[in-house]
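Enquirer: Predicted model and sequence follow; I will ask about them next.
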Amino acid sequence: MSKLMTMFTIAALFAGCSSSNQPQSVQSSPGRKETKSLEAASAAGYDGKAIRKGVDANLNKNDEHNQDLEKELKSGSEGQQKP
C-alpha cells in the first residue's frame, strides 16, 4: 500500500511539471501606466479591466480636449498684434 501511494505521489509530481522550460508570457494589459492599479478592483468583485478601460478612455478624451484648447489658444494669440 505504501509503495502504491509513493508511486501515485511521484506520478502526480511529474504530471505537475511541464516539459517546456520556457516561462509563460505574461500579457500586459494595454492602457495607461497610471491606471494599472484600477485592475485590483477585481479582487473586490468588480470588473477591474472594464473600469481601467473606461478611465483610460476618459483620460484620452480629456487629453485630446486639452490639446485642442492649446491649439486654439496658440492660433488666437498668433492673430493678435503686440502693442
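Expert: Received, thanks. Note that the structure is a prediction, hence the values are computed from the model and not measured.
Enquirer: which helix of the protein spans the most residues?
Expert: helix 48-79 (DSSP state H).
Enquirer: What residues of that one count as buried?
Expert: Residues of helix 48-79 classed as buried: 48, 51-53, 56 (neighbour count, 16 or more other CB atoms under 10 Å). For the C-beta atoms, the positions are set from N, CA and C on the backbone; glycine is no exception.
Enquirer: how about CSV for those residues, with distance to residue 71 and pLDDT added?
Expert: Shown next, in CSV, are the buried residues of helix 48-79 (distance: CB to CB, whole Å; pLDDT from 0 to 100):
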residue, distance to residue 71, pLDDT
48, 35, 92
51, 31, 94
52, 29, 94
53, 27, 94
56, 23, 95
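Enquirer: Can I get those in JSON lines including distance to residue 66?
Expert: As requested, the buried residues of helix 48-79 are exported to JSON lines (distance: CB to CB, whole Å):
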{"residue": "48", "distance to residue 66": "27"}
{"residue": "51", "distance to residue 66": "23"}
{"residue": "52", "distance to residue 66": "21"}
{"residue": "53", "distance to residue 66": "20"}
{"residue": "56", "distance to residue 66": "16"}
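Enquirer: Quick check: of the residues you listed, which lies closest to residue 2?
Expert: The shortest separation between residue 2 and any of those is 47.3 Å, and it belongs to residue 48 (by CB to CB).
Enquirer: The closest one: what's it in contact with?
Expert: For residue 48, the contacting residues are 38-42, by CB atoms under 8 Å, 6 or more residues apart in numbering.
Enquirer: Helix, strand or coil: sort out residue 42 for me.
Expert: In the three-state summary, residue 42 is assigned as helix, counting by DSSP: H, G, I helix; E, B strand; the rest coil.
Enquirer: repeat for residue 31
Expert: With three-state DSSP as the basis, the three-state label of residue 31 is coil.
Enquirer: Give me the phi and psi for it.
Expert: Dihedral pair for residue 31: phi 140, psi -170, per degrees, to the nearest 10.
Enquirer: list the contacts for it?
Expert: For residue 31, the contacting residues are 52-53, 56, by CB under 8 Å, 6+ apart.
Enquirer: what's the closest of those to residue 11?
Expert: The shortest approach to residue 11 among those belongs to residue 52, at 42.0 Å (CB to CB).
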